[in-house]
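Trainee: Sequence first, then the predicted structure, then my questions.
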Amino acid sequence: MAIQDITSILGCVLFAALIILLALPLIKLAKTFDRAAKSIDDLTEHTVNLVDETTQLVKTGNQQLDNVDRITSNVAEATDNVLAVVELYSGIIGKPLKSVKVFFKKFAGKLPQKPKKISEIIDIVKAFKK
């Protein structure tokens, strides 16, 4: 064997070692890509479930809003009915109450301040009898 043969064999071995050393990172990179693809698949599956649950939640929320709308319209109708009853009673009872108000305003100036003794109360009663 000549020196040239030995150097060529040595060169081939070194080249093969270089190829193996370069192949290892490529193999690791391929595994990383496989894991990334699996993660993306898992994420897609979870996202689809999340979107389905969100859709169901929105449907339920819309149904509840419809219920609230119905309740609100019923309350508005009840309020209108109560307002009508109040207007009716104020028309019927309002005039006599105004007369009572005028009567008490008329005599309010003649009433003394809050009595402190029983004798003052008796004096007030006697004043009204006159």
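Mentor: Everything's here; your move.
Trainee: For the residue positioned nearest the centre of the chain, give me phi and psi.
Mentor: Nearest to the geometric centre of the chain sits Gly61, at 10.8 Å (Cα atoms, centre = their mean). With angles defined as degrees, to the nearest 10, Gly61 sits at phi -60, psi -40.
Trainee: Please identify the buried residues of the helix or strand of the chain with the lowest mean pLDDT?
Mentor: Least confident element among the helices and strands of the chain, by mean pLDDT, DSSP states H and E: helix 118-129 (a mean of 70). Within helix 118-129, no residue is scored as buried using 16 or more other Cβ atoms under 10 Å. For every residue, glycine as well, the C-beta is placed using N, CA and C.
Trainee: From the chain's centroid, how far away is that helix?
Mentor: The gap between where helix 118-129 is centred and where its chain is centred comes out at 63 Å by Cα atoms, centre = their mean, to the nearest Å.
Trainee: Make 35 the starting number, not 1.
Mentor: All set: I'll call the first residue 35, so the last point we hit is now helix 152-163.
Trainee: what about the helices in the chain?
Mentor: 37-142, 152-163 (DSSP state H).
Trainee: what angle do the least confident helix or strand of the chain and helix 37-142 make?
Mentor: When axes from the mean of the first three to the mean of the last three Cα atoms, to 10 degrees is applied, the directions of helix 152-163 and helix 37-142 differ by 60 degrees.
Trainee: Would you mind listing where this structure has pLDDT under the threshold?
Mentor: 128, 131, 137-151, 155, 162-164 (pLDDT under 70).
Trainee: quick one: the residue nearest to the centre of the chain from Asn101, how far?
Mentor: 11 Å (Cβ to Cβ, to the nearest Å).
Trainee: Check Lys65 too.
Mentor: 54 Å.
Trainee: now swap in Ile74 and tell me
Mentor: Distance from Ile74 to Asn101, by Cβ to Cβ: 41 Å.
Trainee: Thank you kindly, that will do.
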